[in-house]
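In: Predicted model, plus sequence, below.
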Amino acid sequence: MTKSMIAEPRVPIEDLTPRQIVAQLDRHVVGQHDAKRSVAIALRNRWRRQQLPPEIAEEVVPKNILMIGPTGVGKTEIARRLAKLAKAPFLKIEASKFTEVGYVGRDVESMIRDLVEGAVSMVREERREQVTTEARTAAEEKLLDLLLPTQPPPPAVATPGFNSEDGAIIDVSTNPGAGLDPAPTESGPSTRDKLRKLLLKGKLDEREVEIQVDDATTPSMQVFGPQGMEEMGLNLKEMMPGLFQKKESRKVTVAEAREILTQQEAETLIDRHPISEEARARVEQAGILFLDEIDKVCGKSSNQGPDISREGVQRDLLPIVEGTTVSTKHGPVKTDHILFIGAGAFHVAKPADMIPELQGRFPIRVELQALTEEDFVRILTEPEAALTKQYVQLLGTEGVDLSYDEPAIREIARLAVEVNIAHENIGARRLSTLMERILEDISFEAPDMAGVKLEIDVPYVQRALEGIVEDKDLSRYIL
């Protein structure tokens, strides 16, 4: 489903209308226009809310979305691309991994704590980029110190009773070498400048130096509390940074040392305290939480078996979606304005099987359509990082010139639809299994095929999959 892996355009979110947001999503996801419209409106409403007076903005809550559709049609990709477009904290998590409070498993509040951790990493990375130039300069100076250490002056020989510049008599027996100018060392400014030029040109990258790095075995502990233990672990290094910063020596190349030292210098230049505050604010005002497999916690609970806590999980989810305050190690976080996007196939359970209170918290419902043969053709040809183009690039590293004709692409798309109908419908993910099977022999023999030109045509596709597509028992295990 992904159309491109290139960097996102740096367009301010306030300049993106719903129509433009859909156009951006069209670059990455094939079809599903209704779902794109819904998330585009939700994103634009966030900007509109920010323009309101604070007393009114506080009352405007996001309209959560429920996506209904089979696997592999683009539900997750739409939400992920939307978050990337908005530069918002985003977390995809399976609702089925949570259990009702009182049962063994993760409690629902941990998803908010995970979202905050992601936001902290996002803000920290932005801060690191802001100080990269200054950190790299400081790292280069440290590298020059390692490559050209300052040598201590050699012992000097003085005549007993020799007068120093201030006229005092020097007692050599108690102060050897005093009063003498230190011997010149090769670590002079000219030598350092020459080394700096060589360093910047990369001519010293293969030389080894010894640097001090943080010891990976930093002590930590976890605290059991009412919130569960998955997030309430306390990192002693963060609490008392001066106490547990053990260092170890490591020999690395200059190129590696430059990156390590740049990271170390960047960390020292970053002010950690505002990071947590900004991360919490981003989560509260712009966070997007994607609840996948939400249909797995729907349905009437039975009195025994694994279904016993399904309704309990929904009731635990309800206050999070409605709006509550969750304690995290970075401070309390309000969930009132986090956008929740639920997704599920709903083959067995239906949206009406959700508890009524939770149903009301997902007012926007969109149904994503199963992919057609034409959709598969577009997925294989339009994206810049389409599977067909990925294999061309991969085999090109071995000197193999690979290409496909259009009928072969259509045959692959037709077979993907056929296998999805005959077996489980896994959407566009079926293309990966087919492509890997078709190119298996070429990938194996590629190191011995340098300079060979190959064109994948319909007969080759049919030979590669001969007997597998027709044999339903065999294709069940292979495709």
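Out: Thanks, I have it. Remember, predicted model here, so these are calculated numbers, not experimental data.

In: how much space between T17 and K36?
Out: 13 Å (C-beta to C-beta, to the nearest Å). Quick note: C-beta positions are derived from backbone N, CA and C, even for glycine.

In: When these two are compared, which one has more neighbours?
Out: Applying other C-beta atoms under 10 Å to T17 and K36 shows that K36 carries more neighbours, namely 23 against 12.

In: Point me to the helix or strand that includes that one.
Out: helix 33-50 (DSSP states H and E).

In: Who are the packing partners of that helix?
Out: Applying 3 or more C-beta pairs under 8 Å, 6 or more residues apart in numbering; DSSP states H and E, one finds that helix 33-50 contacts helix 18-26, strand 65-68, helix 75-86, helix 272-286, strand 339-344, strand 364-367.

In: What are the buried residues along stretch 403-412?
Out: Neighbour counts over stretch 403-412 (16 or more other C-beta atoms under 10 Å) mark Y404, A408, I409, R410, E411, I412 as buried.

In: Which members of these occur in helices, if any?
Out: Judged by DSSP state H, helices contain the following of these: A408, I409, R410, E411, I412.

In: Could I get the pLDDT score of the second one?
Out: Listed pLDDT for I409 reads 93.

In: rewinding a little: with distance to S249 added, can I get the buried residues of stretch 403-412 in a markdown table?
Out: Output for the buried residues of stretch 403-412, formatted as a markdown table (distance: C-beta to C-beta, whole Å):
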| residue | distance to S249 |
| --- | --- |
| Y404 | 53 |
| A408 | 57 |
| I409 | 56 |
| R410 | 60 |
| E411 | 59 |
| I412 | 54 |
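
In: which of those lies closest to K97?
Out: Nearest to K97 among these is I412, at 34.2 Å by C-beta to C-beta.

In: For the closest one, give me its contacts.
Out: Contact partners of I412, counting by C-beta atoms under 8 Å, 6 or more residues apart in numbering, are F376, L380, L431, L434, M435, I438, V461.

In: Now find how far off-centre the helix ranked longest in the chain is within its chain.
Out: The longest helix of the chain (DSSP H) is helix 110-130. Offset of helix 110-130 from its chain centre (C-alpha atoms, centre = their mean, to the nearest Å): 10 Å.

In: tell me the mean pLDDT for the next helix-or-strand element following it?
Out: Counting by DSSP H and E, the next helix or strand C-terminal to helix 110-130 is helix 132-147. Averaged across helix 132-147, pLDDT comes to 83.

In: cool, and stretch 455-464?
Out: Across stretch 455-464, pLDDT averages out at 90.

In: For that stretch, list every residue counted as buried.
Out: Across stretch 455-464, burial judged by 16+ other C-beta under 10 Å covers I456, Y460, V461, A464.

In: So which elements touch the host helix or strand of E445?
Out: Using DSSP H and E, E445 sits in helix 440-445. Applying 3+ C-beta pairs under 8 Å, 6+ apart, we find helix 440-445 packed against helix 387-396.

In: I41 and V348, how far apart?
Out: Counting by C-beta to C-beta, the gap from I41 to V348 is 30 Å.

In: Between those two, which has more neighbouring residues?
Out: Neighbour count, other C-beta under 10 Å: between I41 and V348, I41 has more, with 16 against 10.

In: Helix 75-86 and the helix holding K36, what's the angle between them?
Out: Going by axes from the mean of the first three to the mean of the last three C-alpha atoms, to 10 degrees, helix 33-50 is angled at 30 degrees with respect to helix 75-86.

In: And the next helix or strand past helix 33-50?
Out: As assigned by DSSP H and E, the chain's next helix or strand after helix 33-50 is helix 54-57.

In: what's the average pLDDT for that next one?
Out: Across helix 54-57, the average pLDDT comes to 89.

In: which residues touch that helix?
Out: Applying C-beta under 8 Å, 6+ apart, the contact partners of helix 54-57 are R49, Q50.

In: Make JSON lines from the helices and strands packed on helix 33-50 and add mean pLDDT and distance to A138 to it.
Out: Formatted as JSON lines, these follow (pLDDT from 0 to 100; distance: least, C-beta to C-beta, whole Å):
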{"stretch": "helix 18-26", "mean pLDDT": "89", "distance to A138": "38"}
{"stretch": "strand 65-68", "mean pLDDT": "91", "distance to A138": "46"}
{"stretch": "helix 75-86", "mean pLDDT": "86", "distance to A138": "31"}
{"stretch": "helix 272-286", "mean pLDDT": "88", "distance to A138": "18"}
{"stretch": "strand 339-344", "mean pLDDT": "90", "distance to A138": "40"}
{"stretch": "strand 364-367", "mean pLDDT": "90", "distance to A138": "50"}
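
In: JSON lines please, covering these and showing mean neighbour count and distance to S121.
Out: Shown next, in JSON lines, are the helices and strands packed on helix 33-50 (neighbours: other C-beta atoms under 10 Å; distance: least, C-beta to C-beta, whole Å):
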{"stretch": "helix 18-26", "mean neighbour count": "17", "distance to S121": "24"}
{"stretch": "strand 65-68", "mean neighbour count": "24", "distance to S121": "25"}
{"stretch": "helix 75-86", "mean neighbour count": "22", "distance to S121": "14"}
{"stretch": "helix 272-286", "mean neighbour count": "18", "distance to S121": "8"}
{"stretch": "strand 339-344", "mean neighbour count": "26", "distance to S121": "20"}
{"stretch": "strand 364-367", "mean neighbour count": "15", "distance to S121": "29"}
